[in-house]
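give me coordinates for this.
(chains A, B, C and D)
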Number of protein chains: 4
Amino acid sequence: MDKELSSIHYDKYLQLNKILDAQKLRSVDFNKPAHDEMLFIIVHQVYELWFKEIIHDLNSVKKLFTPKVVEEKNIGIAISRLDRISKIQKILVDQIDIIETITPLDFLEFRNYLLPASGFQSFQFRLLEVSLGLKRTNRISFTQCAYSGVFSQEEQEILEGLEKGDSMFDLVEKWLERIPFLNFDPSKDSEESFDFVSEYKKSVDNMLQSESNAIDNADYISAQEKQLRLKILGETNTYFSSIFNETAHEKKVKDGELKLSYKATMSALLINLYRDEPILRQPYMFLQKLIDIDELLTSWRNRHAQMVLRTLGKKIGTGGSSGYDYLKSTADKHRIFYDLHNISTLLIPRSELPVLPVKLKEKLNFNFSN
Amino acid sequence: MDKELSSIHYDKYLQLNKILDAQKLRSVDFNKPAHDEMLFIIVHQVYELWFKEIIHDLNSVKKLFTPKVVEEKNIGIAISRLDRISKIQKILVDQIDIIETITPLDFLEFRNYLLPASGFQSFQFRLLEVSLGLKRTNRISFTQCAYSGVFSQEEQEILEGLEKGDSMFDLVEKWLERIPFLNFDPSKDSEESFDFVSEYKKSVDNMLQSESNAIDNADYISAQEKQLRLKILGETNTYFSSIFNETAHEKKVKDGELKLSYKATMSALLINLYRDEPILRQPYMFLQKLIDIDELLTSWRNRHAQMVLRTLGKKIGTGGSSGYDYLKSTADKHRIFYDLHNISTLLIPRSELPVLPVKLKEKLNFNFSN
Amino acid sequence: MDKELSSIHYDKYLQLNKILDAQKLRSVDFNKPAHDEMLFIIVHQVYELWFKEIIHDLNSVKKLFTPKVVEEKNIGIAISRLDRISKIQKILVDQIDIIETITPLDFLEFRNYLLPASGFQSFQFRLLEVSLGLKRTNRISFTQCAYSGVFSQEEQEILEGLEKGDSMFDLVEKWLERIPFLNFDPSKDSEESFDFVSEYKKSVDNMLQSESNAIDNADYISAQEKQLRLKILGETNTYFSSIFNETAHEKKVKDGELKLSYKATMSALLINLYRDEPILRQPYMFLQKLIDIDELLTSWRNRHAQMVLRTLGKKIGTGGSSGYDYLKSTADKHRIFYDLHNISTLLIPRSELPVLPVKLKEKLNFNFSN
Amino acid sequence: MDKELSSIHYDKYLQLNKILDAQKLRSVDFNKPAHDEMLFIIVHQVYELWFKEIIHDLNSVKKLFTPKVVEEKNIGIAISRLDRISKIQKILVDQIDIIETITPLDFLEFRNYLLPASGFQSFQFRLLEVSLGLKRTNRISFTQCAYSGVFSQEEQEILEGLEKGDSMFDLVEKWLERIPFLNFDPSKDSEESFDFVSEYKKSVDNMLQSESNAIDNADYISAQEKQLRLKILGETNTYFSSIFNETAHEKKVKDGELKLSYKATMSALLINLYRDEPILRQPYMFLQKLIDIDELLTSWRNRHAQMVLRTLGKKIGTGGSSGYDYLKSTADKHRIFYDLHNISTLLIPRSELPVLPVKLKEKLNFNFSN
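Residues are numbered from 1 along each chain as shown, chains lettered A, B, ... in the order given. Okay, the predicted model is just below:
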């Protein structure tokens, strides 16, 4: 029997009997029905459903990036899935507008019944953060207890296991470190030898020197502006000199100032600079999508914090958190791919880019020829 | 014992055991797991959750408008609830972006397993349409069968019962008909007597006459433009003369050309014209919100149709519907408050408005005096 | 001649000759055309056009609130105009997505040509901030110089003049202080005498006492949770006791901890608590709109900061600002109506609200009776 | 002198003297200032600025696709630029919310002064439509006159010239026709010979036959459902058989039923089916972006029509158009890349796809090997 043809009805397929029967108002239990509690429940259920989907997509991307060699076509698939995550995130941010229709006064009608339930008890949200790469040590704690203290023994073990394994951040870092473009073996064929870091260093030095000369000679701009331009140049200088010092970089990683290893950083930089080469196009888009996700997570945290401020004022949250201030601080500090954002600091204009050897350029193109 | 203080945990409060355990992929059942089916299920569950909330809010508004006298403060509450519905609708439209991340090719991986399940089987969506005021006779049918044929006996009875009772449209119409501002008894006190329709008619006549004169005398504009202006004026004339004919209006209602009764239409017009009077401010906003909801429902239908076109092309839907064309046609035809949109046709500039008698103006203001 | 009928063409009406002829690419001037500079110019011009509209609406609202007695109907108009501002602000936030299509690498193609032009030189944005109520002393400075140092003498004078006059914040504060509901003269008629603050204080005391008793007697909740609930109650207590201390409040205003005067705060609280009374409905919505605008300004600052981080990394801005960190810090600190957000802290559930005397309730209703 | 370092100020760079001095209210001219006319002017100016940017991006993409051989890296650039256009379009749709804050009654305050100016006189919008590929013959006319009748002689000539040249549609069609993957020469090497259309035909036949058998043998599904499935299958059959008939296809093109040539359609189909092959990834995304733009243009037309209905009711537009009905009809009929949407009709599941010869697969991959 071709089971595939067995019929299914919409309601049953979506298990609406469960989904639509899971809204039990505490205020009704206590004989003080509060109309808005329905929305409060439903909006949180919607969030959890979306979290499930995000985790589903994220896990699949992690799987694609686990093998030593990531297949080309899988980068494309990863991009689509991350793009989906970012589209969901946009909705997560926008639908805070819906929550805000519960006015502070209306919220007070049922707030007391919810204690001590709190968004801090969302296991899926923690799963998501840990899967992306948020480490226990980088978390801002909102109480004295560990963030996982609110979870069951079993859930805590899952979180710990996940923290020990490779997060999305770890997998991306390893993949970047493995990417073979940083150094094309110069011994074999001088026509395709290319040491990215040293070539790039030369370009940077030239660029900074000529900019410095130009400013020195520009008598027609005001002293104030000259100073400004030199200040900018000086800071640029500092960033760049630090970038060529692998030891210093790794020390910063150890100190928690940076997260991404030196080699992975150099690869990410190369991808950004030569993204127009066909073979780097998809890797570039992949890195962009990671930044998008990070940015949208930050937007969500900011927007969430504002909503809490508006609803609770300075009142303490149902979970006992200090609410606004805590949430606000995580927006910045719980960022995962901060170092990818920072690649921008290291970019130089296309006109200053080291030219790739012809043979190398060919290798970065498709095999097909017309 | 003060039961109110009993504790509750986030997971249990939201019944996440049900919510997060309701995603069973048919493609997995058939041993051909399709990654994107998870999203397909989740997005539909999210829609159903939002439908539940919309119905919850809509029912509460219907309740507020059921008594003969609608309390002032309830108009304010109704506005807030309708505003919430419109904010949810915005998200319903926007999250179609998420569905579209399922590409047509990926959809084919599991489409066959879903037959004949279809969005047409969403009971809640029908509930919503009927609650707003969509009548069986105004529905565009997509098959030969009645739209309710896909529902269980019990569900059909609920829909039929609902159709027989007062819809949101009916309640609004009755409320508009009852509003006491159309005719202030002229016998008692000439200082506050005011017959809106006849005063408004005078204003319209004056306005049209003086516009017509102006165009006739305007020798400096081109013949072509003169013609345009006269054409516009002519059409305006037609609309206005029809509006003063109650019998003709009610005939149109019978023929299905219009839905809102003559008296209700006049009240809606009065509210729109004198919306700046304190007592009419909230009724005006209430009518606006109804239009918002109608408009967003149309937006949703349009966007939904586009998504179906993109995913299925001209393929027939899983429910056997002709897909795009059907959905497209409902966008316009399933509008509920079309006559409220149309009030715009009847508006005249503030400068032409009949002046309200002083005593009447006072009555339309607050009791409080500084 | 009835000049009103003179014709006008779309192009001329919109002065498109000016609008569409104002994009001169610096990169083209320097013979290194950068495709994306067009977008860079246009998006900033669009921002400036929207700023002009926001200022136009804001000024009109300020005008409506300038007279000693604000007409009822003008509150309605003010609400519409503020609502429009908030809708524009949403677009201002969303269109940052468009700017982000200029990738960091592409921005480098023309960045150098723009120095030292910078968004900090937007005169209209400063006008807007000052009109809302941002004071020089509350500004976070990004350089040693005054924020107005980048403007012409004339512009500086305008800004200074504006700072001296009444800002939107000042006008709202004065209006709140004048609102006559805080104290209904008890001498005349005991049936309508009502001293809001003292009645409210009694309610709060009762509420806190009974909550405290309940927690003490709740043997069935864990010690940990008891502690949490008592902590929350304690903090609530602190807030409330401070609120009844006018002297302490005014001291905080002097110290810059609060901005809104004691009397205005009490009025805002009353409006929030009794917003369902017809006469308070519009004032309530008006206050909500102010909060919306503040919130959206914060969203814009946050989003703007993120965009700068992504484009520039840690590079210094074209205007010499430290970019991301500066922008980020203003999101929180440049909030204008923070004290209105904070009203939430002072709300108590409707069930605990002091009941209004019948005669007072009537006075808060409409004059009209059926 | 290094001119690049010459300074520029924000105001001057953006030519704000022009931009912010281009709002002249007609209602002010006629001594009846209408507050909302400012918004009316500004929102239209903003639209025109965005149109300018869209045309700037679109023209650059057309240029990239004009040469016989489109460079790989240019496909990537084209994707970015089209993506930017779609992001702008989203804002164009969303900001209709702002226009709708001009209520019908407020619009009447200045509507008369605008005659006969109208959005139909936007030259840039026509440029945009024609550049995309809208032909005069496919336009729905709203008056008896040619659509270009409202433009100056010079503008008309530009539009006509543009219509004669290659539109975006034409360039895409030609590019698709040139793509060399449809037929790999079978004479040379059987290991890489591959005739896409015939292989695809075989797959389709197999698929339909086995589906038909399965339905015939499925005794456990209801007769009604069997009928439904056979109906779906039948329609699928019809589509597919038409697709293999080149002559029939070209006749449909002649008759205006289809627009895209047979060969281009086959290429687009191939790209969609084998989009996971590295070399087809970018072409696939490029086609997706074209569909996005078309879809957003449709969304804009739909939303625009709704706004007109709300503001004018059945009143005739300032330009003399029938307003709502006309705008509504263009949403569907003025679509450019309808045939790309329709590719979905022709897709078959991945599991049924003809397998590519190994050598061919290699050719579709990158040259680089680890």
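
helices of the stretch 101-250 of chain A, start to end?
A:104-114, A:123-132, A:153-164, A:168-178, A:196-217, A:223-243, A:246-255 (DSSP state H, counting those that start in this stretch).

excluding its backbone neighbours, what's nearest A:Lys328?
A:Ala305 (4.4 Å; C-beta to C-beta, 6 or more residues apart in numbering or on different chains). C-beta: built from backbone N, CA, C; applies to glycine.

give me the neighbour count for that neighbour.
22 (other C-beta atoms under 10 Å in any protein chain shown).

that one touches A:Leu312, doesn't it?
No. At 10.8 Å, A:Ala305 does not count as touching A:Leu312 under the criterion of C-beta atoms under 8 Å.

what do these two both touch?
A:Tyr324 (C-beta atoms under 8 Å, 6 or more residues apart in numbering or on different chains).

low pLDDT regions in chain A?
A:1-5, A:141-148, A:184-192, A:220, A:315-322, A:369-370 (pLDDT under 70).

work out for me the element the residue at minimal distance from the centre of it sits within.
Closest to where the C-alpha atoms of chain A average out (C-alpha atoms, centre = their mean) is A:Asp294, at 2.7 Å. In the assignment (DSSP states H and E), A:Asp294 maps to helix A:278-312.

so that helix versus helix A:104-114, what angle?
90 degrees (axes from the mean of the first three to the mean of the last three C-alpha atoms, to 10 degrees).

next SSE after helix A:278-312?
Assignment by DSSP H and E places the next element after helix A:278-312 at helix A:324-333.

packing partners of the following helix or strand past that next one?
Next helix or strand after helix A:324-333 toward the C-terminus (DSSP H and E): helix A:338-346. Counting contacts by 3 or more C-beta pairs under 8 Å, 6 or more residues apart in numbering or on different chains; DSSP states H and E, helix A:338-346 packs against helix A:223-243, helix A:262-273, helix A:278-312, helix C:278-312.

redo the ones you listed as JSON lines? Include distance to D:Leu356.
Shown next, in JSON lines, are those (distance: least, C-beta to C-beta, whole Å):
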{"stretch": "helix A:223-243", "distance to D:Leu356": "43"}
{"stretch": "helix A:262-273", "distance to D:Leu356": "28"}
{"stretch": "helix A:278-312", "distance to D:Leu356": "19"}
{"stretch": "helix C:278-312", "distance to D:Leu356": "39"}
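
select, out of those helices, the one closest to A:Ser86.
Of all these, helix A:278-312 sits nearest to A:Ser86, with 4.6 Å by C-beta to C-beta.

how far does the closest one sit from the chain's center?
6 Å (C-alpha atoms, centre = their mean, to the nearest Å).

specify the angle between it and helix A:262-273 in degrees.
Using the same axes, to 10 degrees: helix A:278-312 against helix A:262-273 is 100 degrees.

not counting sequence-adjacent ones, nearest residue to the residue of the stretch 101-250 of chain A found nearest chain B?
Residue nearest to chain B within the stretch 101-250 of chain A (C-beta to the nearest C-beta): A:Gln121, separated by 3.5 Å. Leaving out its chain neighbours, the residue that sits closest to A:Gln121 by C-beta to C-beta, 6+ apart is B:Tyr10, at 3.5 Å.
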